[in-house]
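Colleague: Next one to model:
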Amino acid sequence: MLWETENYFPAEFLLRLNSIELLLDTIVSSGILDVIQHLKFITNIQAMLTEIFPFSFAIDATAIAGASLWSLALYWGLSPVTEWVILQLNRWMNFAERSLYTSEAEFERTRQAREAQNAFYASLLSILPFLIVGGLCNWGVELSLGTGWAVSMGTIACIGGGVYELGRRDGQS
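Modeller: Presented below is the predicted three-dimensional model:
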């Protein structure tokens with residue numbers, strides 16, 4: 001073939017072309033029927049979900065990406081608020097769990113493990129308020145500037161929040 005000669009194409013292109021040919025050979029040899037069956041399975045799941053629920057789910061990838069970026073920017077940019085939310089959730093979980101124990105001895109015996117577990121759950125749950133506010137910020141940017149700017153503004157806000165957090169920590173030390 002013409003492209004197999006070294007003078008016609010560079011070596012990198014030939015390596016990529018050979019890897020693509022190898023990939024196609026692997027797909028064909030492993031069975032295109034497997035790929036088709038997998039696609040039919042996904043189609044069956046989608047049909048089943050539309051039969052179960054009377055409405056369809058429309059997932060917008062740019063909305064998810066924009067809201068996630070905005071929430072990360074707010075999480076970093078408002079780090080004192082983040083720490084306060086984690087502390088309040090941890091206090092509330094420890095207080096709520098105290099009411100589940102009738103024996104003071106049992107409560108004190110398992111206290112250290114429970115408080116560590118509650119601190120972990122509090123740090124995970126502290127993301128939720130920022131996801132909600134980040135979604136609202138993303139929605140506001142989409143309404144005002146359009147969907148193309150939502151992810152870009154989220155990225156800019158994320159960079160700004162990260163720089164602020166680095167500067168804040170550097171100022172504390």
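Colleague: remind me which residues of this structure are low pLDDT?
Modeller: The model of the chain has pLDDT under 70 over residues 1-50, 55-59.
Colleague: Which helix runs longest in it?
Modeller: Ranked by residue count under DSSP state H, the longest helix found in the chain is helix 147-172.
Colleague: Mind giving me the packing neighbours of it?
Modeller: helix 61-77, helix 127-145 (3 or more Cβ pairs under 8 Å, 6 or more residues apart in numbering; DSSP states H and E). Every C-beta, even on glycine, is put in place using the N, C-alpha and C of the backbone.
Colleague: Is it possible to get a markdown table of those that adds mean neighbour count and distance to residue 91?
Modeller: Formatted as a markdown table, the helices and strands packed on helix 147-172 follow (neighbours: other Cβ atoms under 10 Å; distance: least, Cβ to Cβ, whole Å):
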| stretch | mean neighbour count | distance to residue 91 |
| --- | --- | --- |
| helix 61-77 | 20 | 20 |
| helix 127-145 | 16 | 16 |
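Colleague: how about those helices, which one is nearest residue 105?
Modeller: helix 127-145 (34.8 Å; Cβ to Cβ).
Colleague: returning to what we had before: which among the helices and strands packed on helix 147-172 is found nearest to residue 158?
Modeller: For the helices and strands packed on helix 147-172, proximity to residue 158 was assessed by Cβ to Cβ; helix 61-77 is nearest, at 4.3 Å.
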